[in-house]
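[1] Below are the sequence and a predicted model for it; my questions follow.
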Amino acid sequence: MSDPSRDRAPAGDQKDAQLDGVRDHSDNALTTDTGVAVDDTDNSLSAGERGPTLMEDFHFREKITHFDHERIPERVVHARGAGAYGHFQVYESMARHTRADFLTDPGLRTPVFVRFSTVAGSRGSADTVRDVRGFATKFYTREGNYDLVGNNMPVFFIQDGIKFPDFVHAVKPEPHNEIPQAQSAHDTLWDFVGLQPETLHMMMWLMSDRALPRSYRMMQGFGVHTFRLVNERGEGTFVKFHWKPLLGTHSLVWDETQKIGGKDPDFNRRDLWEAIASGQYPEYELGMQLVPESREHAFDFDLLDPTKIIPEELVPVTPVGKMVLNRNPDNFFAETEQIAFHTANVVPGIDFTNDPLLQARNFSYLDTQLIRLGGPNFQQLPVNRPVAEVSNNQRDGFSQHTLHRGRTSYYPNSLGGGCPYLGEAPYTHYQERVDGDKIRKRSESFADHYSQATLFLNSLAGWERDHLTSAFRFELGKCETTAVRERVVAHLNRIDHTLARAVAVGVGVDPPEAEAVANHGRSSPALSQADAPTDTVYSRRIAVLAEEGADAAAVTRFREAMAERGAAVEVLAPDDGSVAGADGALLAVDRAMHTMSSVLYDAVVVVGGARCAAALAEDGLALHYVAEAFKHAKPVAGLHEGVGVLEAAPLPRLRLAADGDAAAVVDQGVVTHRGGDPEEFYSAFAAVLAGHRVWDRDTARVPA
Ligand code: HDD
């Protein structure tokens, strides 16, 4: 696909202008790395046509040597990712709370790079596995780079970073046979969970639909920790960061994710790339939960505990600005792979708290870049380089790119004119009195591992709970060790008795007789994905099934009607190329049906034309598209004779439009239309599509 976003960097984007200086604009003849012209790169230099290759073939040696060294270590976690550039702009000055320039000047567009990722899988693993998603943003501010390295879930598995290697070793493929890839459904993870109950709140999120995002453009982001904003007067305010996607928060269903893993392992990556390339820019609103320091101890959990949220009923999220991602990178390796995030990359006005997970991260990220990127000069890589001036006495090291001039590389100096001199608006660490005994001990205020897990469960809609229960059954059902299953069920019984029993029955262990702790009954509606319905079909993808004799004019009108609403229609037929429409005109086919699948679309529609519908009704693949979309709770529609294809598909008994029905009929999200005003059909269909999925549907007997 051509990518107009490449030419659309907004004027004044300082980062883009900087990158332009290192972009390879060449359309030149082939050379070696030293710029020597080469006229044969297919045959190595040899002694005679059938003789040995000669050492002096510098072109051969350079080419092979470079190739041999092309790989760098993948990230130890979050190895698989996809990224994009964009910009962030604050709505109103946040100066009351922070002196950060990019949060106080509403006229300022700050360039950003965002990298989304999965956590457990290797670089080549599938996108749609059950996992946390990373949501890391680098703001190239005028005061230096600020990195907000978050996830799409607001809590974390552990409370102290010293446990991170243990947790990661448990969730990664098991070390003896490196199985399973990018899966949490195995014994070592659940063994760890059962013995380390601080994981449980996060495990509830991981077993929820949050772990299966429909798109990086449709998931939330969270900074997780409580951070601190600091204003000009040096006053602190605790803050939790939230990213909210303007398209709403939507997920795939489990069966669908597994199929997508085979049909299109790059599903989320491709979606991000194509959305940006087609000008449908992902947008997110930045929100903040602000807590005055005086309220630090006002909660029944500790603000420093990263396994806890602040329920929005207690502290609402204040919208503060918007981020737009509008440019795909030029080169995956140079940018998405080499970008180096670090929680300690902060700017004046943003500071840390004593959250022990955050404190560990502030060590780990810099450390990991040193091995990953091969030395201390990685900040000079184009994607990492700040737009703010860099000037210091750090010198040398592998791949030093800066030509430091002069005799002095020390401070203080007089021979270099005293440069670099001390900064004028420096980063000042928040002044906090700290004193205590040297101890290894978790604070008692971190001890409750269950209440917020229950809060999360109580907040879910019925279908979300069903999905979560199934996920626990699947994951524990994959564990071979009965004691591991039992231990987890015992913990679930402290979260919710009904859940524990349902899971126990599913995985064949004794259901707990009595509840260990009564469910407190509290909920927080903002935790449910059902809480913020969206009314847009913007950027949704619709498969229209067609065959010879299709009503081409109706397809064209439908495509236009959806395009007006921002959704994209693709025509799928048994063979690629085109089909002859009912009126003889050719209808272009976008994809051959067998190269795609219903799981790659948000909805499936069957069009009319008597011959077309009769053929599709006899085509097992077409019927499977319909049944599978129905099974996955997607909008399904039939137009005119296309309704007959729905009748032929193995769906439950539904009310479908009959001949003579002048209006569209909607039953369980199946929209059918035989005649009358097509606009009404378009609106009815778009309304169902905007709802993302139709959960209230009878799918039990649908074989897909
Ligand atoms: Fe981490 C990468 C998010 C805890 C150590 N982490 C990494 C990335 C994200 C997060 C999004 C990928 C960044 C990218 O795209 O390059 N990590 C989190 C969140 C955490 C968290 C939200 C908890 C709130 N991480 C965490 C702990 C440690 C690390 C406790 C270590 C003590 N994380 C790393 C790392 C990685 C990383 C090893 C691997 C690659 C990298 O940093 O650049 O340093």
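    Happy to help now that I have it.

[2] Could you tell me the model confidence score at the nearest residue to residue 670 once chain neighbours are set aside?
    Leaving aside its sequence neighbours, residue 670 sits nearest to residue 636 (Cβ to Cβ, 6 or more residues apart in numbering; 4.9 Å). Placement of C-beta: from N, CA and C, glycine included. pLDDT for residue 636: 98.

[3] Please name the bridge partners of residue 636.
    residue 604, residue 670 (DSSP bridges).

[4] and the residue most central in space within the chain, what are its phi and psi?
    Nearest to the geometric centre of the chain sits residue 216, at 3.9 Å (Cα atoms, centre = their mean). Here is the backbone geometry of residue 216 (degrees, to the nearest 10): phi -60, psi -20.

[5] picking that back up, contacts only, for the residue nearest to residue 670.
    603, 604, 605, 626, 629, 630, 646, 669, 670, 671 (Cβ atoms under 8 Å, 6 or more residues apart in numbering).

[6] Just the closest of the residues you listed to the ligand, please.
    residue 603 (31.3 Å; Cβ to the nearest ligand atom).

[7] Can you tell me the closest non-neighbouring residue to the closest one?
    residue 635 (4.1 Å).

[8] how near is that neighbour to the ligand?
    Using Cβ to the nearest ligand atom, to the nearest Å, residue 635 is found at 33 Å from the ligand.

[9] That residue reaches residue 689, doesn't it?
    Yes - contact criterion Cβ atoms under 8 Å: residue 635 and residue 689 qualify, at 4.9 Å.

[10] Looking at those two, which one has more neighbours?
    residue 635 (29 against 25; other Cβ atoms under 10 Å).

[11] For that one, grab phi and psi.
    phi -60, psi 140.

[12] OK, contacts around it?
    Counting by Cβ under 8 Å, 6+ apart, residue 635 makes contact with 602, 603, 604, 629, 669, 670, 671, 685, 688, 689, 694.

[13] run the last query once more with 10 Å
    537, 540, 542, 601-605, 629, 666, 669-671, 684-694 (Cβ atoms under 10 Å, 6 or more residues apart in numbering).

[14] Selection in ChimeraX covering whichever of those are buried, please.
    Those of the contacts of residue 635 that count as buried under 16 or more other Cβ atoms under 10 Å are selected in ChimeraX with:
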select :537,540,542,601,602,603,604,605,629,666,669,670,671,684,685,686,688,689,690,691,692,693,694
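
[15] Now for residue 84: which residues touch it?
    Contacts of residue 84 by Cβ under 10 Å, 6+ apart are 5, 112-116, 216, 272-273, 275-276, 281-282, 324-329, 335-336.

[16] ok, and which of those reach the ligand?
    Contacts with the ligand within those, counted by Cβ under 6 Å from any ligand atom: residue 115.

[17] The stretch 201-350 of the chain: strands as residue ranges?
    Using DSSP state E, counting those that start in this stretch, the strands of the stretch 201-350 of the chain run over residues 221-222, 227-230, 236-245, 283-292, 318-327, 350-351.

[18] Is residue 188 in a helix, a strand, or coil?
    helix (DSSP: H, G, I helix; E, B strand; the rest coil).

[19] how about the nearest residue to it, chain neighbours excluded?
    In space, and not counting its chain neighbours, residue 188 is closest to residue 170: 4.8 Å by Cβ to Cβ, 6+ apart.

[20] in the protein, which segments are predicted with low confidence?
    1-11 (pLDDT under 70).

[21] how about a cut-off of 50?
    1, 7-8 (pLDDT under 50).

[22] So which residues on it come close to the ligand?
    With Cβ under 6 Å from any ligand atom as the criterion, the chain comes near the ligand at residues 75-78, 81, 115, 117, 134, 136, 149-151, 156, 161, 164, 224-225, 306, 339, 341, 357, 360-361, 364-365, 368.

[23] Show the buried residues in those residues.
    Here, 16+ other Cβ under 10 Å leaves 75, 77-78, 81, 115, 117, 134, 136, 149-151, 156, 161, 164, 224-225, 306, 339, 341, 357, 360-361, 364-365, 368 buried among the residues of the chain next to the ligand.

[24] Just those residues: which are in strands?
    When DSSP state E is applied, those are split such that 81, 115, 117, 134, 136, 149, 150, 151 fall in strands.

[25] To residue 121, which of the strands of the stretch 201-350 of the chain lies closest?
    Minimum separation from residue 121 across these (Cβ to Cβ) falls at strand 221-222, 19.4 Å.

[26] ok now do the residue in the stretch 101-250 of the chain positioned nearest to the ligand, which residues does it touch?
    The minimum distance from the stretch 101-250 of the chain to the ligand, using Cβ to the nearest ligand atom, falls at residue 134 (2.7 Å). Residue 134 makes contact with 75, 77-78, 80-81, 114-119, 149-152, 216, 221, 341, according to Cβ under 10 Å, 6+ apart.

[27] Likewise for residue 347?
    For residue 347, the contact set (Cβ under 10 Å, 6+ apart) comprises 98-103, 139, 141-147, 386, 388, 427.

[28] same question, residue 492
    Residues near residue 492 by Cβ under 10 Å, 6+ apart: 200, 203-204, 450, 453, 457, 469, 472, 476, 498-504, 512, 516.

[29] hang on, it in a helix?
    Yes - with three-state DSSP as the criterion, residue 492 is located in a helix.

[30] I'd like the distance between it and residue 482.
    From residue 492 across to residue 482, the span is 15 Å (Cβ to Cβ, to the nearest Å).

[31] and what of residue 275?
    From residue 275 to residue 482 the distance is 46 Å (Cβ to Cβ).

[32] Residue 485 contacts residue 509, doesn't it?
    Yes - applying Cβ atoms under 10 Å as the test, residue 485 and residue 509 come out as touching, 5.0 Å apart.

[33] higher neighbour count, the two?
    Taking neighbours as other Cβ under 10 Å, residue 485 and residue 509 compare with residue 485 leading, 24 against 19.

[34] any idea which helix or strand comes after the one helix or strand the more buried one maps to?
    When elements are assigned from DSSP states H and E, residue 485 belongs to helix 482-495. Next along the chain after helix 482-495, taking DSSP H and E as the criterion, comes helix 497-507.

[35] Show me which positions of that following helix end up buried.
    497, 499, 500, 501, 502, 503, 504, 506, 507.

[36] What is the nearest of these to residue 439?
    residue 500 (35.1 Å).

[37] My read is that the closest one contacts residue 472, right?
    Yes - shown here, residue 500 and residue 472 form a contact pair, counting by Cβ under 10 Å, at 9.3 Å.

[38] In the stretch 451-600 of the chain, what residue comes closest to the ligand?
    For the stretch 451-600 of the chain, Cβ to the nearest ligand atom, closest residue to the ligand: residue 452, 15.1 Å.

[39] Measure how the helix or strand containing that residue sits relative to helix 482-495, angle-wise.
    Assigned by DSSP H and E, residue 452 falls within helix 451-459. Orientation check (axes from the mean of the first three to the mean of the last three Cα atoms, to 10 degrees): helix 451-459 against helix 482-495 gives 80 degrees.

[40] who does the helix or strand that helix 451-459 is followed by touch, helix- and strand-wise?
    Following helix 451-459 in sequence order, the next helix or strand is helix 462-477 (DSSP H and E). Of the remaining helices and strands, those touching helix 462-477 by 3 or more Cβ pairs under 10 Å, 6 or more residues apart in numbering; DSSP states H and E are helix 187-195, helix 200-206, helix 254-263, helix 451-459, helix 482-495, helix 497-507.

[41] Alright, I will stop here.
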